[in-house]
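Visitor: Okay, here's the prediction I keep looking at, along with the sequence it came from:
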Amino acid sequence: MKMEVELDKAQKRLRDIELALNESSIVAITDNKGMIQFANDKFCEISKYSKEELVGSNQNIVNSGYHSRKFFQDMWRTIGNGKVWKGEIRNRAKDGTYYWVDTTIVPFLNENRKPYQYIAIRHDITKRIEYEEKIKLMAYYDSLTLLPNRNLLQKWITEHVIQCHNQLTVLFLDIDNFKSINDNFGHQIGDLVLKETARRLKLCLRRSDFISRQGGDEFIIILNGLYDKEDIIKVVVKIQEQVSLPFYVNDKIIITTTSIGISKERLKGTKDDICHLLETLIQQADTAMYHAKKLGGNTYEFITPNQNTQMKRYYLLEEEIKHGLTENQFYILYQPLIDLRSHRMVGAEALLRWNNPQVGPVSPSEFIPLLEEKGLIIPIGNWVLKTVCKQLKRWQENGVYLQRVSVNVSPIQFTADDFLNDIKQILNETQIEPQLLEFEITEGTLLNVEVSSKILTELKRLGIKVAIDDFGTGYSSLNYLKRLSIDTLKIDKSFIDDIDIDDEIIVNTIISMGKHLKLNVLAEGIENEKQLNYLLQQYCDEGQGYYWSMPVTADAIQRLYELGG
Ligand code: C2E
Ligand code: MG
Ligand code: MG
């Protein structure tokens, strides 16, 4: 019985050998100490040793030193116990080159079931391993600078963060005006600057620190175990000094500076907590970097509690605003536009409101830039226009005839390729007379005179009026106002405030200039009688402000109208 079992096992082993063998097999037979007793031609070919050299040598003649002691201990334990071992091994040939083999070692057992010989069948997998390494390199390393990329940062965080000392500092580094290097010298030179920057950054760091290229000209550096402010500043200054040394590329000298944002924290909690914390630290360092940029660049900033609160709010709003439109969190209020002479309501300005269940009401000055940044201003701007058109229709049905309703248009919306098409479609859908609409754009929108004048001409053709909003705060020159087809000039509230302190020079200038250009002139933010009387004296045409009404609902506009404006 025992004999049969043994025979079965021996047969199974032979099957293992048979399965592993083919014409490209590298075969070696060793004794139980690893001494080579037989080597086939393929083994000689790949190892570049002759048969004479191999036979009689220990099989570790091809050891590359790549694998750990434990790796071989495990292997010996398996085959020493009479079991088959399979694995991938990196070996070294006689000429010092390396090759990878997929290895199966089958032991031959004596009557005491102790191995007395091993047959090792190997196959060359060098190409496959190289390929896999290339793929890994592509997935985890930035191909330009060969620094780890974002993916490896994530992996590093999960694998190493727990071993980090319990203090961690994150630097977020951005090259100042990198775009102008690309623009002035071309992308190739831009790339060389990035590569050299990466090299210099690495020189400033210790082995335990981590650096990755975040993309573009941004780098993230994690200073492992460094927490003391003075120590951090030393490293940061060293980095900034290194990076601002001149670059000599293709006979050109390029000088760059960097802005660095810094955040730091003592680590505690579970691995998950720490990973999350590190993500937050990166965001905080990014925010601090942004503040360093705002200070003019070439400097560093530690994240401050204030910036931190701002950032937390920003991330919250950023998340919430995505659902604003689908969850009906947006609505529109209307503020009456008043004819100063007759005191009658001639129109209304549509003002967007956002009320979020989590955050509460958010001011347009906060959420409009966010919408612009997130590319949401176009769909939401279109929604505003459509809602206003539908409201105009409803007012008309209820006997409310306003001369115009003005809608604020963001520069991004105004210059978008689809802007005119979107408007035409909305006009078509709602069947509203375009003459009832006025678009409010800011002076900044007109900076690109060529693009904007084309759109203005087309709007005029459609019959839609245009107002310049917040006039006096931008870069307007009188010249272009003459050339562009504009209907209304809205004087910014800050100049109306000046009337209160008897500083009216600018208001006077704007009004007389507007009149000279035959524009309708409206004063924004009128709050008291003094302002109103002064504006009347100056022949200002229209006004808007809390003196008459704050922005109110569409129904309230109807009631005001019915009361006689
Ligand atoms: P804006 O177009 O200059 O709008 C006038 C702002 O002044 C409104 O602020 C209005 O509520 C406020 N205001 C009016 N009268 C008075 C007054 O007597 N005293 C004071 N202190 N303030 C007064 P709001 O509604 O906060 O809007 C701020 C800005 O957000 C608007 O400035 C406009 O640039 C932008 N905005 C609002 N709705 C939209 C929209 O639908 N699309 C776009 N792109 N921007 C919008
Ligand atoms: Mg406006
Ligand atoms: Mg305004």
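Guide: Structure received. Ligands and ions are numbered 1, 2, ... in the order given.

Visitor: residues touching D470, list them.
Guide: 442-443, 490, 492, 524 (Cβ atoms under 8 Å, 6 or more residues apart in numbering). All C-beta atoms are positioned from the backbone trio N, CA, C, and that covers glycine.

Visitor: Please tell me which one of the residues you listed counts the most neighbours.
Guide: With neighbours set by other Cβ atoms under 10 Å, the maximum within the contacts of D470 is found at K490, which has 27 neighbours.

Visitor: so that one, which of the three states?
Guide: strand (DSSP: H, G, I helix; E, B strand; the rest coil).

Visitor: Take the contacts of D470 and write them to TSV, including distance to ligand 2 and pLDDT.
Guide: Putting these into TSV (distance: Cβ to the ion, whole Å; pLDDT from 0 to 100) gives the following:
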residue	distance to ligand 2	pLDDT
T442	8	91
E443	12	86
K490	7	96
D492	10	94
E524	8	97
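
Visitor: centre of the chain versus stretch 56-70, how much separation?
Guide: In terms of Cα atoms, centre = their mean, to the nearest Å, the centre of stretch 56-70 is found 47 Å from the chain centre.

Visitor: Quick one: end-to-end distance for it.
Guide: Terminal residues of stretch 56-70 lie 25 Å apart, using Cα to Cα, to the nearest Å.

Visitor: try stretch 106-116
Guide: 11 Å.

Visitor: Ok, stretch 484-504 next?
Guide: Where stretch 484-504 begins and where it ends lie 27 Å apart, using Cα to Cα.

Visitor: is that stretch up against ligand 3 anywhere?
Guide: No. Residues of stretch 484-504 contacting ligand 3 under Cβ under 5 Å from the ion: none, with a closest distance of 5.5 Å.

Visitor: What residues of that stretch count as buried?
Guide: 484, 486-493, 495-496, 499, 504 (16 or more other Cβ atoms under 10 Å).

Visitor: what number of residues lie near G444?
Guide: 14.

Visitor: pretty sure it contacts P411?
Guide: Yes. G444 lies in contact with P411 (Cβ atoms under 8 Å); the separation is 5.8 Å.

Visitor: and the buried residues of stretch 484-504, which two are the farthest apart?
Guide: L484 and I499 (27.9 Å; Cβ to Cβ).

Visitor: which bits of this structure sit near ligand 2?
Guide: By the rule Cβ under 5 Å from the ion, the part of the chain lying against ligand 2 is 408, 440, 469.

Visitor: and the protein, which of its residues are near ligand 1?
Guide: Contacts of the chain with ligand 1, taken as Cβ under 6 Å from any ligand atom, map to 335, 351-352, 363-365, 368, 381, 384, 408-410, 440, 469-470, 524-525, 527, 544-546, 551.

Visitor: Cross-check those residues against ligand 3 and keep the overlap.
Guide: The subset of the residues of the chain next to ligand 1 lying close to ligand 3, counting by Cβ under 5 Å from the ion, consists of 469-470, 524.

Visitor: Redo the residues you listed as a markdown table? Include secondary structure and distance to T145.
Guide: Shown next, in a markdown table, are these (DSSP: H, G, I helix; E, B strand; the rest coil; distance: Cβ to Cβ, whole Å):
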| residue | secondary structure | distance to T145 |
| --- | --- | --- |
| D469 | strand | 45 |
| D470 | strand | 44 |
| E524 | strand | 51 |
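
Visitor: And those residues, which is closest to E265?
Guide: Nearest member of those to E265, counting by Cβ to Cβ, is D470, at 41.5 Å.

Visitor: Which pLDDT does the model give the closest one?
Guide: pLDDT for D470: 90.

Visitor: And for Q11?
Guide: 69.

Visitor: What of P357?
Guide: 94.

Visitor: again with the one 4 residues further on
Guide: As predicted, P361 sits at a pLDDT of 96.

Visitor: With N166 instead?
Guide: On pLDDT, N166 comes in at 68.

Visitor: Make 56 the first number, not 1, from now on.
Guide: Got it, first residue is 56 now, which makes that one N221.

Visitor: residue ranges with poor pLDDT in the stretch 106-255 of the chain?
Guide: Scanning the stretch 106-255 of the chain with the threshold set as pLDDT under 70 gives 216-221.
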